[in-house]
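A.B. asks: Please find the sequence and the predicted model below.
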Amino acid sequence: MRGAAKKATRDGASEELERRSQYLSSLIQRTRIMADADQVEKEVVESAAKPVKREQHREKEDEGDEPREEKKKAVREGDGNPPPGEKQQQQHPNVKVRAADMPIALQNRAFRCARETLASMAKLESKQLAFVLKKDFDTTYGPAWHCIVGKSFGSYVTHSLGGFLYFSIDKVYILLFRTAVEPIDR
């Protein structure tokens, strides 16, 4: 009887320890993701502030040439400077986001990793690119990332909140998503 009670206590303690360990791991991952997102947001805000100041300076020089509203419209239509107070997601020239439920910091990491890997390949190797992206995200943000790469594919997936990105680089389409991992009861 005493042996069974000790075993039950040990099993309960190890389950509690496993639960706490998983909780701490998830907190660490969220902290990393938030720190990355804060850094990128800070960079975006700083870069967005510079063109705004330049635009305000131009308005003072050119007063009377063109109404202010037309100048603001020109800025919105692609002169390269964002309108005051409007944050823009960093875009890379040949990267197109098709759908996303992911912080900008993680998106930028995926773009950078995909571009670097594609640049190092003589020709597209879909499996290799998918492997590199998956491993990078698994090691940085924890397990259960999945990646599909190709020029034509269909998919229907379920993903964890904040863990989905579907984008293209030139004619290569990349689907990167995360699923929840449940511990195996022993």
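C.D. replies: Thanks, I have it.

A.B. asks: Any idea which helix or strand in the chain has the lowest mean pLDDT?
C.D. replies: Within the chain, confidence by mean pLDDT, DSSP states H and E is lowest for helix 68-74 among all helices and strands, at a mean of 44.

A.B. asks: what's the next helix or strand along the chain from that one packed up against?
C.D. replies: Where DSSP states H and E defines the elements, the next helix or strand beyond helix 68-74 is strand 95-101. For strand 95-101, the packing partners by 3 or more C-beta pairs under 8 Å, 6 or more residues apart in numbering; DSSP states H and E come out as helix 104-119, strand 164-169. Glycine gets a C-beta too; all of them are placed from N, C-alpha and C.

A.B. asks: Give me the mean pLDDT for the first one.
C.D. replies: Taken as a whole, helix 104-119 carries a mean pLDDT of 96.

A.B. asks: Next, the angle from the helix or strand following that helix to strand 164-169.
C.D. replies: Downstream of helix 104-119, the next assigned helix or strand under DSSP H and E is helix 126-141. If you take axes from the mean of the first three to the mean of the last three C-alpha atoms, to 10 degrees, helix 126-141 sits at 130 degrees to strand 164-169.

A.B. asks: From residue 117, how far off is the closest residue to residue 126 other than its chain neighbours?
C.D. replies: Take residue 126 and drop its neighbours on the chain: the residue closest to it by C-beta to C-beta, 6 or more residues apart in numbering is residue 149, 4.3 Å away. Note on residue 149: its distance to residue 117, by C-beta to C-beta, to the nearest Å, is 10 Å.

A.B. asks: Give the residues shared as contacts by those two.
C.D. replies: With contacts taken as C-beta atoms under 8 Å, 6 or more residues apart in numbering, residue 149 and residue 117 have 129, 133 as neighbours in common.

A.B. asks: Which one of those two is surrounded by more residues?
C.D. replies: Counted by other C-beta atoms under 10 Å, residue 149 and residue 117 do not tie: residue 149 has more neighbours, with 25 against 19.

A.B. asks: Could you confirm that one falls within a strand?
C.D. replies: Yes. Assignment of residue 149 by DSSP: H, G, I helix; E, B strand; the rest coil places it within a strand.

A.B. asks: so what are the domain limits for the protein?
C.D. replies: As given by automatic domain parsing, the domain ranges for the chain are 2-79, 95-178.

A.B. asks: Lowest average pLDDT across those?
C.D. replies: domain 2-79 (a mean of 56).

A.B. asks: want to throw the helices and strands packed on strand 95-101 into TSV with distance to residue 17?
C.D. replies: Shown next, in TSV, are those (distance: least, C-beta to C-beta, whole Å):
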stretch	distance to residue 17
helix 104-119	30
strand 164-169	32
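
A.B. asks: so residue 124 sits right up against residue 172, yeah?
C.D. replies: Yes. Contact between residue 124 and residue 172 holds when scored by C-beta atoms under 8 Å: they sit 6.1 Å apart.

A.B. asks: Identify the contacts common to these two.
C.D. replies: In terms of C-beta under 8 Å, 6+ apart, residue 124 and residue 172 are both contacted by the residues 118, 151.
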